[in-house]
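> here are the coordinates; sequence isn't available:
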């Protein structure tokens, strides 16, 4: 094929590449926000792949919202709420992304592998395995991202809970009502995942939701053992008329003890985890440093 015949194809590919780069740059610059219970907006970060594919999710709405997919969509909704992305992405949109990501990005990856295979003969024989591995990784990426986001958010809440409960305990034992103590504590705290969740509890109670229901909703949203223990302890104290200050102090001690036990467990696991890098890197390095000069002299003597 002559150069003049190839020119239109090259121009079309050039315009396509420029358009994709422009679209990707514009989507990357966009910032996603979630609205907190008090009206403030908090930034949320989602992967660039999701930003690129999310506008195309409505094309799969009819397929995803079928009755057979109802349970998966409800599960995705709950996990997105736990991850702090309520209002940013719906459950059906996340399911649609789980379909679009391997299809679209997998096709792009397969085309790239085919192009590289035509350029380098060594890659040509491995095109099928490389394509399948890429598609599998793109299929698993949305689930990995959501699980990692949930773990990081729960870890942040778990870390902040003891201090927050201590502040509530001091206020309640000083004679302040629990709701006033909660509101004052939230006013002085920086915005973090725990603050966001407690703001929502405060907002729900102000709108007329019974306190026990608001606390149960908190435990369901966060989906964490320490938070469930904290919420249901307060519910039980409310139902039985037990002192909330005493219950808060017990909860703070229990959570702090669990955190100490987790730290002790990680400290005990550290020597085992260090064994791999020690065998792979440190011992060979020591061997080279100590025996390198000797081996060099032996090699020189042999020559």
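Cool, the structure landed. Keep in mind the model is a prediction, meaning the values are calculated, not measured.

> list the buried ones in the helix or strand hosting residue 253?
Element membership for residue 253 (DSSP states H and E) is helix 244-277. For helix 244-277, the buried set under the neighbour-count rule, 16 or more other C-beta atoms under 10 Å, comprises 244-245, 247-249, 251-252, 254-255, 258. Where C-beta positions appear, they are placed from N, C-alpha and C, glycine not excepted.

> check contacts around residue 194.
156-157, 160-161, 164 (C-beta atoms under 8 Å, 6 or more residues apart in numbering).

> now it: which helix or strand?
helix 193-206.

> what's the helix or strand that contains residue 151 packed up against?
According to DSSP H and E, residue 151 maps onto helix 127-173. Counting contacts by 3 or more C-beta pairs under 8 Å, 6 or more residues apart in numbering; DSSP states H and E, helix 127-173 is packed against helix 48-53, helix 70-83, helix 91-100, helix 106-119, helix 178-188, helix 193-206, helix 225-240, helix 244-277.

> nearest to residue 15, out of those helices?
Nearest to residue 15 among those is helix 106-119 (16.8 Å), distances taken as C-beta to C-beta.

> worst-scoring helix or strand of this structure, pLDDT-wise?
Least confident helix or strand of the chain, by mean pLDDT, DSSP states H and E, is helix 121-124 with a mean of 60.

> quick one: residue 34 is in a helix?
No. Residue 34: not assigned to a helix; according to DSSP: H, G, I helix; E, B strand; the rest coil it is strand.

> can you pull the contacts of it?
Contacts of residue 34 (C-beta under 8 Å, 6+ apart): 41-42, 44, 84-88.

> over the helix holding residue 194, what's the mean pLDDT, rounded is fine.
For helix 193-206, mean pLDDT is 92.

> what comes up buried for that helix?
193-202, 204-205.

> I'd like those residues laid out as CSV, including distance to residue 53.
CSV is the format used below for the buried residues of helix 193-206 (distance: C-beta to C-beta, whole Å):
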residue, distance to residue 53
193, 26
194, 31
195, 31
196, 27
197, 29
198, 34
199, 31
200, 29
201, 34
202, 36
204, 33
205, 38
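
> closest to residue 173 out of these?
Proximity of the buried residues of helix 193-206 to residue 173 (C-beta to C-beta) peaks at residue 198, which lies at 18.9 Å.

> so how many other residues sit close to the closest residue to the closest one other than its chain neighbours?
Spatial nearest neighbour of residue 198, excluding adjacent residues (C-beta to C-beta, 6 or more residues apart in numbering): residue 186 at 5.9 Å. By the criterion of other C-beta atoms under 10 Å, residue 186 has 20 neighbours.

> contacts only, for residue 186.
By C-beta under 8 Å, 6+ apart, the neighbours of residue 186 are 195, 198-199, 202.

> ok, now how distant is residue 271 from residue 277?
For residue 271, the distance to residue 277 equals 12 Å [C-beta to C-beta, to the nearest Å].

> kindly report the same for residue 253.
From residue 253 to residue 277 the distance is 37 Å (C-beta to C-beta).

> one more: residue 236?
Computed as C-beta to C-beta, the residue 236 to residue 277 distance reads 47 Å.

> and what of residue 239?
Taking C-beta to C-beta, one finds residue 239 at 52 Å from residue 277.

> residue 266 too?
In terms of C-beta to C-beta, residue 266 sits 16 Å off from residue 277.

> got the domain ranges for the chain?
20-153, 156-259 (automatic domain parsing).

> mean confidence for the helix or strand hosting residue 8?
Following DSSP H and E, one finds residue 8 within helix 3-29. What helix 3-29 shows for mean pLDDT is 66.

> over to stretch 219-235?
89.

> buried residues, it. List them.
Those buried within stretch 219-235 under the rule 16+ other C-beta under 10 Å are 219, 221-222, 224, 226-228, 230-231, 233-235.
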